[in-house]
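1. Turn this into a structure:
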Amino acid sequence: MDIFKNDWKELLEDEFKQNYYKSLRSLLIEEYKNHQIFPKAEDIFNAFHYTAYKDIKVVILGQDPYHNLGQAHGLAFSVQEGVKIPPSLLNIYKELKDDLGIEEAHTGCLIPWTREGIMLLNTTLTVRAHNPMSHSKIGWEIFTDHVIELIDKKEEPLVFILWGSHARSKKKLLKNKNHLIIEGPHPSPLSAYRGFFGSRPFSKANSFLESKGVRPPSWRLD
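-> Numbers count the residues shown, from 1 in each chain. Next comes the predicted model:
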C-alpha cells in the first residue's frame, strides 16, 4: 500500500498486509460512507507524512482526534489553521510560556512542530463526529502500538511525552534505555492543575537531547 512518501513506507508495509489491518480498512470504508468521520480520509496518516521516522526527536502521544467539525487533521492536539484553539492546547501553550518563555501562539496548527522532528501521534487515528473514542476498539491501537514499539527501537536518543492516563498506559511498550520518558497529567482543564502546570516538559526534553548531542527542536509556532 503506497501511502507514505518517506521511510515509514518500508517500515509499515508489512503491517498493512496483516489481517487485522485489512479488516480495519474495510470497516473504515463503510464508516466514511455512512457517517461523518474525522479527520478527512486523506489526513489520517498526517503524523507520519509530516515527521519521517529518521527525523523523530520527540513523540507527543494523544488519544483520538478532535470530534467536532473542522478541527482534526491527523496530528495529536493540533487543529486546522483558523480554528479556535482548544482548551487543552491553550494549557500546553501556557506551560510552554512558563517553561521556555515562548509567547502563546495565535494558531492551533502545530505543523511547524512536526517539521522540527516532533511527532504528534494519536493512538486512535479516526473518530465519528461528536462521539469521542468511538473508533478506539476497531483495531487502531494494534497499529499504533506497533508504531510506538518501532519508534522505541530507534538507536538515536529521543523523548516520549505521555500526558494523561491513556498515554501513560503505553509506557509498558517502551523498553529502550536510550530514550527519555516524560509523563504527567493531561493538559485538559479537568486535570491540568493536578501537576501538568509547572511540570516543565519542554525544557526537560530539550536538556535531555542536548546532553546526548542532539539539536533540540524549536517549539516556536508564530
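
2. Moving C-terminal from the helix or strand bottoming out on mean pLDDT in the chain, which element do we reach first?
-> Least confident helix or strand of the chain, by mean pLDDT, DSSP states H and E, is helix 164-168 with a mean of 94. Downstream of helix 164-168, the next assigned helix or strand under DSSP states H and E is strand 180-184.

3. other SSEs contacting the helix or strand containing residue 29?
-> Using DSSP H and E, residue 29 sits in helix 19-34. Under the contact criterion of 3 or more Cβ pairs under 8 Å, 6 or more residues apart in numbering; DSSP states H and E, helix 19-34 touches helix 140-152. C-betas here are computed from N, CA, C, even on glycine.

4. For the helix it packs on, report the contacting residues that lie outside it.
-> Identification of contacts with helix 140-152 by Cβ atoms under 8 Å, 6 or more residues apart in numbering yields 11-12, 15, 20-21, 24, 53, 56, 59, 61, 119, 121-126, 158, 160, 170, 173-176, 179.

5. how far does it sit from the chain's center?
-> Here helix 140-152 is found 12 Å from its chain centre; the criterion is Cα atoms, centre = their mean, to the nearest Å.

6. What residues of that helix count as buried?
-> Neighbour-count burial for helix 140-152 flags 140-141, 143-144, 146-148, 151-152 (criterion: 16 or more other Cβ atoms under 10 Å).

7. ok, now stretch 55-75?
-> 55-68, 71-75.

8. Please report how far the residue lying farthest from the centre of the chain lies from residue 28.
-> In the chain, the residue that sits farthest from the middle, by Cα atoms, centre = their mean, is residue 34; the gap is 26.7 Å. Using Cβ to Cβ, to the nearest Å, we find residue 34 at a distance of 11 Å from residue 28.

9. And for residue 36?
-> The value you get for residue 36 to residue 28, if Cβ to Cβ is used, is 13 Å.

10. Settle it for me: which of the two has more neighbours?
-> Taking other Cβ atoms under 10 Å, residue 36 and residue 28 do not tie; residue 28 has more neighbours (19 against 13).

11. The more buried one contacts residue 124, doesn't it?
-> No - contact criterion Cβ atoms under 8 Å: residue 28 and residue 124 do not qualify, at 11.7 Å.

12. The nearest residue to residue 91 once chain neighbours are set aside: neighbour count?
-> Spatial nearest neighbour of residue 91, excluding adjacent residues (Cβ to Cβ, 6 or more residues apart in numbering): residue 187 at 4.1 Å. Here the number of neighbours of residue 187 (other Cβ under 10 Å) works out to 25.

13. With residue 158 instead?
-> Quick note: residue 158 (other Cβ under 10 Å) scores 23 neighbours.

14. so how far is residue 174 from it?
-> Distance from residue 158 to residue 174, by Cβ to Cβ: 11 Å.

15. before we move on, what about residue 118?
-> 17 Å.

16. In terms of neighbours, single out the busier of these two.
-> Set side by side, residue 118 and residue 174 show more neighbours around residue 118, with 24 against 17, by other Cβ under 10 Å.

17. Can you read off the pLDDT for that one?
-> Looking at residue 118, its pLDDT is 98.

18. Distance-wise, check the residue nearest to it when sequence neighbours are not counted relative to residue 94.
-> The shortest distance from residue 118 to any non-neighbouring residue, by Cβ to Cβ, 6+ apart, is to residue 58 (4.6 Å). Residue 58 sits 19 Å away from residue 94, going by Cβ to Cβ.
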